[in-house]
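# Need coordinates for the following:
(chains A, B, C and D)
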Protein chains: 2
Amino acid sequence: MKSKTATLIEVAKLAGVSTATVNRVLKQQGYVSEEARRKVEAAVAATSYRPNVVARGLRTRRSSTIGLMLTAITVNPFFVGVAHAVEAAAIAAGYRVVIFNHGGHEDYERHGVEAFIAQRVDAVLFCTAASPRNVEILAAAGIPAIEIERSSTPSASFVRVDNYVGARAAIDHLVGLGHQRIAFVGGDPGLYPQDATRRRSVEEDRLGAYHDGMRAHGLTPDPAHIRLGQYYDLANDVSGREGRQHAEALMELAHPPTAIFSTCDILAVGVLQALYKAGKRVPQDISVAGFDDTLAAYLAPQLTTVAQPVAALGRHGFDMALAAIESREMPNEIVLATHLVIRQSTGPAAPTGSN
Amino acid sequence: MKSKTATLIEVAKLAGVSTATVNRVLKQQGYVSEEARRKVEAAVAATSYRPNVVARGLRTRRSSTIGLMLTAITVNPFFVGVAHAVEAAAIAAGYRVVIFNHGGHEDYERHGVEAFIAQRVDAVLFCTAASPRNVEILAAAGIPAIEIERSSTPSASFVRVDNYVGARAAIDHLVGLGHQRIAFVGGDPGLYPQDATRRRSVEEDRLGAYHDGMRAHGLTPDPAHIRLGQYYDLANDVSGREGRQHAEALMELAHPPTAIFSTCDILAVGVLQALYKAGKRVPQDISVAGFDDTLAAYLAPQLTTVAQPVAALGRHGFDMALAAIESREMPNEIVLATHLVIRQSTGPAAPTGSN
DNA sequence: ATTAAGTATGTCAACGATGACATATGCGCT
DNA sequence: AGCGCATATGTCATCGTTGACATACTTAAT
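You can find the predicted model right below:
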C-alpha cells in the first residue's frame, strides 16, 4: 500500500539525464541547457516528485526545522499567539516547526531538548524562559536557543516586551480617570529569580512601574492593595482562581480599591468573576485593567489591557533564530513596545465616599 | 562553532566494537555480551551520543513524525486543547509533531500537505475537516489521514463527539429549568456541505437535537429564535462579534427568549457581551448555555456548557494515526461522549410575563 | 593554433543508521 | 569427532540528496 514518492534518481532516469542535472534544475543553480530543463521539469511533473527533506537533511546537516518549546499552551492564550506567529514566520521561510510542551517540569523540558537534538533541529525557541542547563546542552550540540518573553539564561538571545513602560501606561490611564486607590494584582518577583545583573524580570518591571507610577502622581499605594501571588499554576488549569482570591480579599478591606490593575489577563479574568459574583458593576463601581490582551476581547465587559504584540514577538523570535542559524549579526536582546487598549472595563472613579 | 554530536561510528570506535554491536546495544535486540554492552554504554555516555533521527528516518523510511494540520489555532481554544492532547500522546509514543495552520485557505492547506509529504511524516491529523483533495494527495503518497471533530472525507478515519446527544442534554437542561422560549444560536448546516450519505455535520446534529428536544417536551420553537450564521470567521479574529449580533437581534424581538443555547463557546462569549451591555443579568434575566467548554470557565458568569472531551479527541486521533501507521485494525469512526457542565450562566426561568 | 573562460553534463563519495548476511566460537548431544 | 544450536560480533550495501570534482564541448581572445 505504502506507495512511495519518486526519487531524484527515478526522475533523472525518466528525463534521461544525471541526478546532478536534475538537482541543478531544482536548485536553479549552475549551468543547464533549455532542453535539459524542459525534460527534467516534465519528468518532475510526471512523477509528481517531491524532494525528500529527510535525505537532504542528512546530507546538508540542516533540517530546516526549528523546535518550539512551550511552557503550557493550554494555560495561557499568550503562548498560542506566539506559537502561531512563530509558525507563520517559519513556514514563510521554508522551515518547519516541531512543538513540545513541558508543562513547567524541568526534566520534561530536558526530554524535549533531547528530542530536538536527536532530530537535529536548527534552532530552539523557548516561550518562555528556558532552564539554563538545557540551553547549555543545546549549545554543546551546536544548536542556538532563543528565549521569548522571559529569560533565565543571559547567554541566549531574547525577545521581550517593554514591561515597565506597558504597565506604566495602565497606571497612568487609571490615574487619569481619577483613581487614587489602585490595587496591583500580579506575580511575585521573588518567585522568578533571575540574573539581576543583566535582565530584569517581568514581575519586577511591572511592579516597579506600578510603584513609580503611583509616586509620580503623588499617590502612596496602600500596602494591602498590593497582592503578589504565584501567577497561575501551570500544572492545573485553574481558570482564574488566583485572580478571584485576590479580588475577594481586596473587596473585604475597609478601604477597597476603586481600580485593579492585574498584570495578566488570566488574573483579570478571575478578578472580573469575583466582582461579578459580589454584584459589583465594572466599570461603574470599580475599574479593572489587565496585561497581555489575550482573553481581553472575549470577556464581558471587554477588558482594558496592555496589549503585547504577540505576533511580533513570535516573528522576531524566529528572525533571531534564523540569524543565529545563518550566523548573521544580531542583537542580543530585542524589546518591543506594548500599547494600551482601552475597552469597557475602565471608567471614571466614582465620586469620593461612594463605598 | 557548530560542534556536532557524536555518531554511531565514533561510539563504536571508542568502545572498540563494530557499529552493528553498538546498534544492538541501543536497540536492545540480538546477542550482546555483558562486556560489550558495558563498553558501549560507557562510550555512549562519554560522547553523549544521541541517535540522529534524520539518518534513521532515511534508512527506515519512518520519520516518527506526524503532521498536525490545524484550521486556525488562535481562533478557537478548542484547537489548542486538541493540539496539546495530540502532542502529548505523540511524545509519549516517541513521535514528534509538526504543526501547520492553514487559516481556512484550501490552497494553503495544500501547501502544508506538500510540506508534510516532503518531510515524510508518517501520518497527518486534521483538526478539523480536511479538503478531500488533500487527503487524496496524501493517500497517493502512502500517508494516512485522520480527521478530528469534522469530516469532509468519508475515506479518512474520523474522531468526533456525539453532537446530537450533547446538544440534546443542553436543551433538556434548559427545559428542566422551566424555559420554554429557548433560542438557538449556531452555524448554518448549509455552509458545510458534507457527504450526507455517510456522516452528518456538526451543525446538522446540534440543530437537529434542538428541534427534537423542543418537540419532545411539547414545545414549538419560534422561528425567529433560530439564528444560523457562519459561526465565526477564520480569517479574522472577531472576538464574539457574531454572537453579539445574534443576541442583540434576539433582544429586540417582541417575544425574546428566556434562554439562549449557542452551539459554541465563542458564540456564547458574544451573547454574554451583548447581554451585559443591554443590562440583562445572567442567569436571573436570561440563561445562556454553550458548547465546547473552551472559554466557558474563564467568563463571568462562568458558562454552563456541553464539554467536548478535547484531550480524548486528541488522544484517540493520535491512536488512530498510530494504528494506521502500523497497519493495525481500527474503527473507521470513533464517537466520544460529551458531558454537560452546569455552571453559573443558567438558572430557573423567570416567572411568566416577566418581560 | 593555442589558451582561457564559459557552458553543459556526468560520476561518485559522503551524510549516519540499519539490518541482512556472513563469520566465528562455545556448548551439549549423539 | 561431528552435528546442531545458541551466542557473539563484524561487514557492508542501502536509504535519497548533495556538491565537489572531473570531463568535454563552444566560443572568443591572443
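# Distance of A:D285 relative to chain B?
For A:D285, the distance to chain B (CB to the nearest CB, to the nearest Å) stands at 14 Å. Every C-beta, even on glycine, is put in place using the N, C-alpha and C of the backbone.
# And for the nearest residue to that residue once chain neighbours are set aside, the neighbour number?
Nearest non-adjacent residue to A:D285, counting by CB to CB, 6 or more residues apart in numbering or on different chains: A:A350, 6.8 Å away. Counted with other CB atoms under 10 Å in any protein chain shown, residues neighbouring A:A350 total 16.
# now whichever residue of chain A sits closest to DNA strand D: how far from B:R343?
Proximity of chain A to DNA strand D (CB to the nearest atom of the strand) peaks at A:L8, 2.7 Å away. From A:L8 across to B:R343, the span is 58 Å (CB to CB, to the nearest Å).
# same thing with A:K27?
58 Å.
# higher neighbour count, those two?
When A:K27 and B:R343 are compared for neighbours, B:R343 comes out ahead with 17 against 10, by other CB under 10 Å.
# tell me which residues form a beta bridge with A:A123?
A:A123 forms beta bridges with A:I66, as assigned by DSSP bridges.
# what about it, how many residues close to it?
A:A123 has 25 nearby residues by other CB under 10 Å.
# Can you pull the phi and psi angles for the closest residue to A:K39 other than its chain neighbours?
Closest residue to A:K39 apart from its sequence neighbours, by CB to CB, 6+ apart: A:A15 at 4.4 Å. When read as degrees, to the nearest 10, the backbone of A:A15 gives phi -80, psi -10.
# Can you show me the helices along the stretch 51-200 of chain A?
Assigned by DSSP state H, counting those that start in this stretch, the helices in the stretch 51-200 of chain A fall at A:53-60, A:77-92, A:106-118, A:132-140, A:163-176.
# check contacts around the residue nearest to A:K39.
A:T21, A:V22, A:A36, A:K39, A:V40, A:A42, A:A43 (CB atoms under 8 Å, 6 or more residues apart in numbering or on different chains).
# Can you pull the residues of chain A lying near DNA strand C?
A:16-21, A:24, A:30-33, A:35-36, A:55, A:58-59, A:61 (CB under 7 Å from any atom of the strand).
# so which of these also contact DNA strand D?
Among these, DNA strand D is touched by A:T19, A:A20, A:A55, A:L58, A:R59 when using CB under 7 Å from any atom of the strand.
# Now do the most centrally placed residue in chain A against B:H105, distance only.
For chain A, A:V82 is the residue whose C-alpha lies nearest the centre (CA atoms, centre = their mean; 4.1 Å). Per CB to CB, A:V82 is found 22 Å from B:H105.
# before we move on, back to that, for my notes, please list the contacts of A:A15 in TSV and give neighbour count and pLDDT for each entry.
As requested, the contacts of A:A15 are arranged in TSV below (neighbours: other CB atoms under 10 Å in any protein chain shown; pLDDT from 0 to 100):
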residue	neighbour count	pLDDT
A:T21	20	95
A:V22	26	96
A:A36	18	94
A:K39	20	95
A:V40	24	95
A:A42	13	96
A:A43	21	95
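# Report the two of those residues separated the most.
A:T21 and A:A42 (13.3 Å; CB to CB).
# ok, residues contacting stretch A:282-290?
With CB under 8 Å, 6+ apart, stretch A:282-290 has contacts from A:170, A:173-174, A:177, A:179, A:256-265, A:267-268, A:271-272, A:275-276, A:280, A:296, A:301, A:303-306, A:344-347, A:349-350.
# Ok, stretch A:86-96 next?
Under CB under 8 Å, 6+ apart, the answer for stretch A:86-96 is A:64-66, A:68, A:97, A:122, A:125, A:127, A:311, A:314-315, A:317-319, A:322, B:98-101, B:111-112, B:115, B:119.
# Return the members of those classed as buried.
Listed as buried from those are A:64-66, A:68, A:97, A:122, A:125, A:127, A:311, A:314-315, A:317-319, A:322, B:98-101, B:112, B:115, B:119; burial here means 16 or more other CB atoms under 10 Å in any protein chain shown.
# Return the residues of chain A in contact with DNA strand D.
A:4, A:7-9, A:19-20, A:23, A:26-27, A:49, A:51-52, A:55-56, A:58-60.
# could you redo the last one with a cut-off of 10 Å?
Within reach of DNA strand D by CB under 10 Å from any atom of the strand, chain A has these residues: A:4-12, A:18-24, A:26-27, A:29-31, A:49-62, A:64.
# Of those residues, which fall within the contact range of chain B?
Restricting these to those adjacent to chain B (criterion: CB under 8 Å from any CB of the partner chain) gives A:K4, A:T5, A:R50, A:P51, A:N52, A:V53, A:V54, A:A55, A:G57, A:L58, A:R61.
# give the contact list for the second one.
Applying CB under 8 Å, 6+ apart, we find A:T5 in contact with A:S48, A:Y49, A:R50, A:N52, B:I117, B:A141, B:G142.
# returning to what we had before: now that we have the helices of the stretch 51-200 of chain A, can you turn them into TSV and tack on mean pLDDT?
Formatted as TSV, these follow (pLDDT from 0 to 100):
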stretch	mean pLDDT
helix A:53-60	96
helix A:77-92	96
helix A:106-118	95
helix A:132-140	93
helix A:163-176	97
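# For B:P223, which of those is the nearest?
Of the helices of the stretch 51-200 of chain A, nearest to B:P223 by CB to CB is helix A:77-92, at 36.6 Å.
# Output the closest one as CSV, restricted to C-alpha atoms.
The C-alpha coordinates for helix A:77-92 follow below in CSV (Å, rounded to 0.1, in the frame of the first residue of the first chain):
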residue,chain,number,x,y,z
PRO,A,77,-3.6,32.1,25.1
PHE,A,78,-0.5,34.2,25.0
PHE,A,79,1.5,31.1,24.2
VAL,A,80,-0.9,30.3,21.4
GLY,A,81,-0.4,33.7,19.8
VAL,A,82,3.3,33.4,19.9
ALA,A,83,3.3,29.9,18.7
HIS,A,84,1.2,30.8,15.7
ALA,A,85,3.4,33.7,14.8
VAL,A,86,6.5,31.6,15.1
GLU,A,87,4.9,29.0,12.9
ALA,A,88,3.8,31.5,10.3
ALA,A,89,7.2,33.1,10.1
ALA,A,90,8.9,29.7,9.9
ILE,A,91,6.7,28.4,7.1
ALA,A,92,7.2,31.5,5.1
